[in-house]
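K.L.:
The sequence isn't on hand, but the structure is:
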């Protein structure tokens, strides 16, 4: 599974923000730069990217010369040098990790600058995946929001918690729309897949952290709920038992895709087992990116870090998934 996540720089930038009216003096002698190392590794991806930067007074700076070493169960798996800098990557220093990780592996990642001044490292145990998604029931429903009614597809997803341990999970709802695309170079029509990962979970007690609501509740401001856009949850409400999770999404094709041709639609439900640090990191991002957070009146959010000798988050996830195919897309939607 390949997803695109654009929030790793937040760990870097939030550390340089001071929420007060008057600028505080910044002493570089007492606050020397630190390495910031970030990677959310998906074991289903053959390649994963690690980002390496320096903290700074006003903005992060990229590392010019460094090596990243990846060890699995104490054995060196790969030694990496930076990828070429790409402008669209905000000139971040990036490393491509291609090691294969298995559940239970002890993974240690070290970042060392060539001048020997900086060394940051993190050690993570690859979590065990859920055994399976037992079943997914779907239903076409209408949701009322802002005085309007919207068509949604409801998913009831049943799975069993991993027994006798504290578990941390993440759900991804991957809407895949296959559309024909003409390739002028080869003079043929090929199928391209458009991905969309949005979902709603306003009435699920686990995904709302015990505060389910209706769309009208959200509009009326009855509940000041924080949207769980990263879909993270723990097993505290269903430990050692089965749970049926409820989410919704819109599987209507965008107007620009509504062509007079057949469109294939798949929805892939991914349930990821994640580390505790990644769980609290993404939970903090939910708050940081919500309308409920105002940096002018709220205390600064302290993001978790599991990097020694520096800052940042190294997370590794495993997953189980289930695909729902809609061959009669046009007939139903």
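P.N.:
Cool, the structure landed. Bear in mind that the values here come from a model prediction, so they are computed numbers and not experimental data.
K.L.:
When you work out contacts or count neighbours from here on, use the C-alpha atoms and nothing else.
P.N.:
Will do.
K.L.:
what is the mean pLDDT for stretch 265-283?
P.N.:
Across stretch 265-283, the average pLDDT comes to 96.
K.L.:
again, but for stretch 94-101
P.N.:
pLDDT averaged over stretch 94-101 gives 97.
K.L.:
Tell me which residues of it come out buried.
P.N.:
94-99, 101 (16 or more other C-alpha atoms under 10 Å).
K.L.:
which non-adjacent residue is nearest residue 325?
P.N.:
Leaving aside its sequence neighbours, residue 325 sits nearest to residue 266 (C-alpha to C-alpha, 6 or more residues apart in numbering; 4.6 Å).
K.L.:
Kindly report the same for residue 283.
P.N.:
Using C-alpha to C-alpha, 6+ apart, the nearest residue to residue 283 is residue 232, at 6.7 Å.
K.L.:
got it, and residue 168?
P.N.:
Per C-alpha to C-alpha, 6+ apart, closest to residue 168 is residue 234, 4.4 Å.
K.L.:
Pull the number of nearby residues for that neighbour.
P.N.:
Residue 234 is flanked by 20 other residues according to other C-alpha atoms under 10 Å.
K.L.:
dump the residue contacts of it.
P.N.:
Contact analysis of residue 234 by C-alpha atoms under 8 Å, 6 or more residues apart in numbering lists 166-169, 206.
K.L.:
Please repeat the previous calculation with a cut-off of 10 Å.
P.N.:
Applying C-alpha atoms under 10 Å, 6 or more residues apart in numbering, we find residue 234 in contact with 161, 166-170, 206-207, 209, 273-274, 276, 279.
K.L.:
Quick check: phi and psi on it?
P.N.:
phi -110, psi -180 (degrees, to the nearest 10).
K.L.:
Please report how far it lies from residue 169.
P.N.:
According to C-alpha to C-alpha, to the nearest Å, residue 234 and residue 169 sit 6 Å apart.
K.L.:
what do the two both touch?
P.N.:
161, 273-274, 276, 279.
K.L.:
Make a PyMOL selection of whichever of these turn out to be buried.
P.N.:
Applying 16+ other C-alpha under 10 Å to the shared contacts of residue 234 and residue 169 leaves a buried subset, and the PyMOL line that selects it is:
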select buried, resi 161+273+274+279
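K.L.:
Out of the shared contacts of residue 234 and residue 169, the closest to residue 145 would be?
P.N.:
residue 279 (29.2 Å; C-alpha to C-alpha).
K.L.:
ok, that closest one touching residue 315?
P.N.:
Yes - assessed by C-alpha atoms under 10 Å, residue 279 is found in contact with residue 315 at 9.0 Å.
K.L.:
On the three-state scheme, residue 286 is what?
P.N.:
With DSSP: H, G, I helix; E, B strand; the rest coil as the basis, residue 286 sits in helix.
K.L.:
Report the buried residues of the host helix or strand of residue 325.
P.N.:
Assigned by DSSP states H and E, residue 325 falls within strand 314-326. For strand 314-326, burial by neighbour count (16+ other C-alpha under 10 Å) applies to 314-319, 321.
K.L.:
pLDDT-wise, which helix or strand of the chain ranks last?
P.N.:
Lowest on mean pLDDT, DSSP states H and E among the helices and strands of the chain sits helix 10-14, with a mean of 43.
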